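K.L.:
Okay, sequence plus prediction incoming.
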Amino acid sequence: MAAELSLLEGTLGLRNGTKYGAQGERQIPVLQTNNGPGLTGLITIAAHLVKQAKKEQLLGSTAEEKAVVQQWLEYRVTRVDRCSSKEDTRTILKDLNTHLEDKVYLAGNSFTLADILMYYGLHHVMVDLTVQEKEKYLNVSRWFSHIQHYPGVRQQLSNVIFIKNRLYTNAH
């Protein structure tokens, strides 16, 4: 998760080169700030970095959008990060596929921190999907492809290849 936070810094245009600690057996990230106690947890630190970069719109612009962003950040930490089997992975992809059916981004029409962190959390899953699995989760594939091409997001992560003619047409 420390690597993800470093990627997030790059996406946000922060060149802190911050060193993150990790706590406990689950290796929960910790950021020691200059003033006061350290910040603990992926969501807390990520939101801090967004505010530090003065890009609060990534946390949502309306009360409802902020709540939806928070919901997907929690889903990322409670479901995606605790995913331990193929069955868990299929459930997550199915949930996301249904949610993204009529949406460009997780929180609706705006690119948010939820998209960035979900992209990082799912990257290792998407890399391993077969062409057939990518087609089965077409909405997730469309969303993932879109996010990985968003300026500054992918950085040194590998580019996941999708067969575009199947992603963007309804022809079967």
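P.N.:
Right, received. Where do you want to start?
K.L.:
could you list every residue that touches H48?
P.N.:
By CB atoms under 8 Å, 6 or more residues apart in numbering, the contact set of H48 is L31, L39. Backbone N, C-alpha and C define where each C-beta goes, glycine included.
K.L.:
Which of the helices or strands spans it?
P.N.:
helix 42-52 (DSSP states H and E).
K.L.:
Same question for Y150.
P.N.:
Under the criterion of DSSP H and E, Y150 resides outside all helices and strands.
K.L.:
how about stretch 33-48 as PDB, C-alpha atoms only?
P.N.:
This file holds the C-alpha atoms of stretch 33-48, laid out as PDB (Å, rounded to 0.1, in the frame of the first residue of the first chain):
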ATOM      1  CA  THR A  33       3.400  14.200   9.900                       C
ATOM      2  CA  ASN A  34       5.600  17.100  11.100                       C
ATOM      3  CA  ASN A  35       3.000  18.300  13.600                       C
ATOM      4  CA  GLY A  36       1.300  15.800  15.900                       C
ATOM      5  CA  PRO A  37       0.400  12.200  15.600                       C
ATOM      6  CA  GLY A  38       0.900  10.200  12.500                       C
ATOM      7  CA  LEU A  39      -1.900   9.400  10.000                       C
ATOM      8  CA  THR A  40      -2.900   5.700   9.700                       C
ATOM      9  CA  GLY A  41      -4.700   3.900   7.000                       C
ATOM     10  CA  LEU A  42      -4.900   4.100   3.200                       C
ATOM     11  CA  ILE A  43      -8.000   6.200   2.900                       C
ATOM     12  CA  THR A  44      -7.000   8.700   5.600                       C
ATOM     13  CA  ILE A  45      -3.500   9.200   4.100                       C
ATOM     14  CA  ALA A  46      -4.900   9.400   0.500                       C
ATOM     15  CA  ALA A  47      -7.400  12.000   1.500                       C
ATOM     16  CA  HIS A  48      -4.700  14.000   3.300                       C
END
